[in-house]
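1. Kindly return the folded structure for what I paste below:
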Amino acid sequence: MSQLLEFHVGGMTCASCAARVEKKLNRMDNVTAEVNYATELARVTLGDGVAEGDIVATVEATGYTAEPVAPPASAGADSDEPEDIAAPANPELVALRQRLLISTVLTVPVVLMAMVPALQFANWQWASLTLASPVVVWGAWPFHRAAWVNARHGAATMDTLISIGVSAAYLWSLYALFFGGAGEPGMTMQFELFGAHDGGQSIYLEVASAVTVFILLGRYLEVRAKSASGAALRALLGMGAKDVAILREGAEVRHPVGELVVGDLFVVRPGEKIATDGVVTEGASAVDTSMLTGEPVPVEVGIGDAVVGATVNAGGRLVIEATRVGADTQLAQIARLVSDAQSGKAPVQRLADRISGVFVPVVLLLSLATLAGWWLLTGDVQAAFTAAVAVLIIACPCALGLATPTALLVGTGRAAQLGILIKGPQTLESTRQVDTIVLDKTGTVTSGRMTVVAVVAVQGTDPDEVRRLAGALEDASEHPVGRAIADDARLHFDHLPPVTDFRSSQGRGVTGMVEGTAVAAGRASWLADEWAVVPDTALLAAAERAEAEGRTVITVAWDGLARAIIVVSDVVKPTSAQAIAELGDLGLTPVLLTGDNSRAAQAVAAEVGITKVIAEVLPWDKVAQVRSLQEQGKVVAMVGDGVNDAAALAQADLGIAMGTGTDVAIEASDLTLVSGDLRAAGDAVALSRRTLRTIKGNLFWAFAYNVAAIPLAMSGMLNPLLAGAAMAFSSVFVVTNSLRLRRFKGRAA
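-> Numbers count the residues shown, from 1 in each chain. Here you go, the predicted structure:
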């Protein structure tokens with residue numbers, strides 16, 4: 001019987017590492033594996049006769065570490081301990097930051113002394129050696145270690161090229177200092193661009209140090225982006241209730257939510273979160289389920305109705321019997337969906353790693369050929385070694401270390417100015433071929449808040465009087481629809497009259513005395529049945545039209561007559577229609593995906609110009625819909641703002657969260673639109689694509705400069721110092737090219 005397990009794989013430094021681990025695991029009998037470099041997770045299906053220990057042993061034999069990953073804890077369980085949901089410190093990130101800072105401080109004076117002759121005091125070269133040695137040995141140690149692991153398995157990656165380049169520059173500098181005359185007092189850095197040169201008096205400590213710092217910067221940015229991969233799950237698990245009032249022998253006793261068992265009765269008061277999934281056994285209330293369904297109007301529940309854990313009781317006192325606890329709850333299921341979707345994403349394929357897989361062996365062969373050729377032709381060992389070092393130096397990936405991080409820094413900095421947060425390079429790659437954009441409705445296309453959109457009064461009744469009396473009455477209500485009516489009234493009147501004898505009928509309406517007049521507001525059928533209110537034909541027709549558009553209708557009556565209807569709805573954001581048009585201009589097909597009812601969804605879609613609508617879907621249905629589009633060959637971007645969108649955001653090829661939404665949605669996404677303006681989604685896609693093009697251009701030129709100069713180095717016409725200068729020039733070009741992203745102008749701004 002097969003078993004699906006997850007393992008955390010440590011020590012991977014590039015996408016080719018993940019590919020190597022995956023290849024080794026899949027060679028095992030009865031094992032199917034998928035290794036994700038971005039999340040450092042291996043999802044392994046074990047067949048008969050295969051144990052966890054076999055997987056760990058295979059990964060360790062490949063040169064990495066592995067440990068089984070425990071399944072997500074139950075939502076809310078043990079959440080009285082803050083450390084359960086707090087983001088853990090990332091030791092790798094902390095170590096890299098320390099390594100980067102110290103290496104930078106030591107490298108700056110080395111580079112200045114090498115490049116500014118006026119700073120070359122007596123014995124400056126020995127001061128450079130003292131400063132550069134810790135950088136080359138300790139600072140670059142992660143690259144040396146990874147290169148050794150790769151070499152043991154017959155592979156070459158970016159780390160191999162870095163390690164060889166840094167080591168060659170450093171070791172030749174040691175040779176020049178101790179045996180070549182470069183260690184003499186008063187030595188200055190001089191070189192000839194072409195022709196004969198004395199390589200024995202040249203040192204390249206600044207090259208070795210600078211390369212290390214540049215690559216450390218790129219690695220730090222990458223690890224920082226990866227360190228947030230578990231934040232969505234932590235945020236999800238933190239949304240559950242912390243404790244619960246359980247009924248024990250008729251008395252309420254508060255316990256940690258993890259002590260709940262199926263069959264327990266627990267109490268939920270107004271404003272509290274429901275501790276777990278269950279069935280109402282006593283009371284009636286309105287429950288805010290928007291975090292699961294996206295529906296802005298709370299659901300009225302009573303005896304026998306099912307409720308979901310982590311939703312909020314917005315009305316009266318409820319007694320609930322627990323039917324599902326721990327990992328069986330809907331919130332825990334969503335957490336698993338987020339985890340599955342994140343782990344299933346394709347590994348980030350770094351262009352530099354793919355190219356270096358071929359480039360590194362070629363450079364090594366060319367360097368050896370140069371050494372052998374010069375030695376055989378001239379018999380001059382020093383000239384041969386100098387030319388060979390020049391080949392290695394010119395091929396050293398100084399600009400490669402800047403190609404991605406500089407473009408990423410400038411691009412993400414410009415994006416932040418435009419209210420867009422980009423999490424990492426994998427996000428930029430995801431935008432390249434996106435052709436379909438799935439949009440949540442509530443809080444994304446619409447405001448997510450109930451708002452009065454119309455007041456229709458019978459002839460002879462002043463709509464402002466309806467607003468004043470209904471607003472005063474609903475001011476005493478806690479229902480979101482009532483609050484919307486009261487807020488609308490306050491926009492028209494400085495003061496609302498007091499209410500006496502206020503009464504609320506859960507899910508039906510409210511009544512009270514306002515300035516001596518008996519006022520009622522609620523469903524027309526309830527007013528007719530309970531209060532003998534005489535309906536009005538014109539109002540009934542207007543109400544039917546509003547309800548056909550998916551809007552909520554409240555009938556207002558006094559003195560036994562229906563006087564008006566107030567239409568309440570979640571209104572479309574003013575910029576949504578423009579945003580949809582701009583997304584279309586980028587070649588994206590919009591799809592509206594919502595948990596709201598079909599009538600409301602169709603009305604919103606028609607207003608903003610969306611033709612395809614998928615409505616009344618639950619969170620797991622959203623994931624299935626996104627996956628279905630992907631199976632049709634679509635590259636899908638998802639825009640959402642709620643917990644109910646988190647798993648779909650993670651499943652999509654590109655997840656875009658509204659910054660006005662929940663932390664869970666933000667953490668599960670790849671892009672965050674801080675302002676909540678949907679137009680920023682188009683800006684995000686456009687800027688991401690331009691940043692990716694810049695990175696590709698940087699990578700091309702980073703290699704082009706080196707490749708063009710390799711023949712010169714092999715011919716002996718290129719001094720290694722000139723090779724270093726060419727590297728510096730390529731770095732300047734890469735930085736300048738990246739800075740052009742600062743001129744990007746967003747439409748949302």
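2. in the helix or strand where residue 690 lies, what's buried?
-> Taking DSSP states H and E as the criterion, residue 690 maps to helix 679-714. Buried residues in helix 679-714, counting neighbours by 16 or more other CB atoms under 10 Å, are found at 679-692, 694-699, 701-703, 705-706, 709-710, 712-714. The way it works is simple: take the backbone N, C-alpha and C, and place the C-beta from them, glycine included.
3. average pLDDT for the helix or strand where residue 322 lies?
-> Counting by DSSP H and E, the element that carries residue 322 is strand 318-324. With pLDDT averaged residue by residue, strand 318-324 scores 93.
4. Which residue is the nearest non-sequential neighbour of residue 32?
-> Counting by CB to CB, 6 or more residues apart in numbering, residue 45 is the residue found nearest to residue 32 once chain neighbours are left out, at 4.4 Å.
5. so what's the one you found up against?
-> Taking CB atoms under 8 Å, 6 or more residues apart in numbering, we find residue 45 in contact with 2-4, 31-33.
6. 7 Å instead?
-> With contact taken as CB atoms under 7 Å, 6 or more residues apart in numbering, residue 45 is in contact with 2, 4, 32.
7. for residue 503, same thing?
-> With CB under 7 Å, 6+ apart as the criterion, the residues that contact residue 503 are 510-512.
8. Tell me which helix or strand it sits in.
-> Following DSSP H and E, one finds residue 503 within strand 499-505.
9. ok, now residue 647?
-> Residue 647 is part of helix 643-651 when elements are defined by DSSP H and E.
10. contacting residues around the strand holding residue 322?
-> Identification of contacts with strand 318-324 by CB under 7 Å, 6+ apart yields 260-268, 274, 276-283, 285, 307.
11. Check which residues of that strand are buried.
-> Taking 16+ other CB under 10 Å as the basis for neighbour counts, the residues of strand 318-324 that come out buried are 318-320, 322, 324.
12. Which strands border it, and is each parallel or antiparallel?
-> Strand 318-324 sits in its sheet next to strand 265-268 (antiparallel), strand 277-282 (antiparallel), going by DSSP bridges.
13. CA-only coordinates of it in PDB, if you can.
-> What follows is strand 318-324 as a C-alpha-only set of coordinates in PDB (Å, rounded to 0.1, in the frame of the first residue of the first chain):
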ATOM      1  CA  LEU A 318     -24.900  29.900  20.400                       C
ATOM      2  CA  VAL A 319     -24.500  26.400  21.900                       C
ATOM      3  CA  ILE A 320     -22.700  24.100  19.400                       C
ATOM      4  CA  GLU A 321     -22.000  20.400  19.400                       C
ATOM      5  CA  ALA A 322     -18.600  19.600  18.000                       C
ATOM      6  CA  THR A 323     -18.700  17.300  15.000                       C
ATOM      7  CA  ARG A 324     -15.100  17.600  13.600                       C
END
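14. which residues sit in contact with the nearest residue to residue 307 once chain neighbours are set aside?
-> With sequence-adjacent residues excluded and distances taken as CB to CB, 6+ apart, residue 307 is closest to residue 274, at 5.3 Å. For residue 274, the contacting residues are 268, 307-311, 313, 320, taking CB under 7 Å, 6+ apart as the criterion.
15. Pick the one among these closest to residue 149.
-> residue 310 (43.9 Å; CB to CB).
16. and the closest one, that's in a helix?
-> No - per DSSP: H, G, I helix; E, B strand; the rest coil, residue 310 lies outside any helix segment and is coil.
17. Now do the same for it: its pLDDT.
-> Reported pLDDT at residue 310 in the predicted model: 85.
18. Next, the contact list for residue 281, please.
-> Contacts were defined as CB under 7 Å, 6+ apart; by that measure residue 281 touches 265, 303, 319-321.
19. so which pair among those is furthest apart in space?
-> Spanning the widest gap among the contacts of residue 281 are 265 and 303, at 12.9 Å by CB to CB.
20. more neighbours, these two?
-> Set side by side, residue 265 and residue 303 give different neighbour counts by other CB atoms under 10 Å, the larger being at residue 265 (17 against 12).
21. Which neighbouring elements make contact with the helix or strand harbouring residue 244?
-> Element membership for residue 244, per DSSP H and E: strand 243-248. Packed against strand 243-248, as judged by 3 or more CB pairs under 7 Å, 6 or more residues apart in numbering; DSSP states H and E, are the following elements: strand 251-256, strand 265-268.
22. Near residue 740, how many residues? Count them for me, please.
-> Neighbours of residue 740 under the rule other CB under 10 Å: 13.
23. can you pull the contacts of it?
-> Applying CB under 7 Å, 6+ apart, no residues contact residue 740.
24. That one belongs to a helix, doesn't it?
-> Yes - the assignment for residue 740 by three-state DSSP puts it in a helix.
25. And residue 122, how far from residue 309?
-> Spatial separation of residue 122 from residue 309 under the definition CB to CB, to the nearest Å is 74 Å.
26. oh, I was asking about residue 364
-> Using CB to CB, we find residue 364 at a distance of 59 Å from residue 309.
27. Compare those two (neighbour count), which wins?
-> Counting neighbours by other CB under 10 Å for residue 364 and for residue 309 shows that residue 309 has the greater number, 28 against 17.
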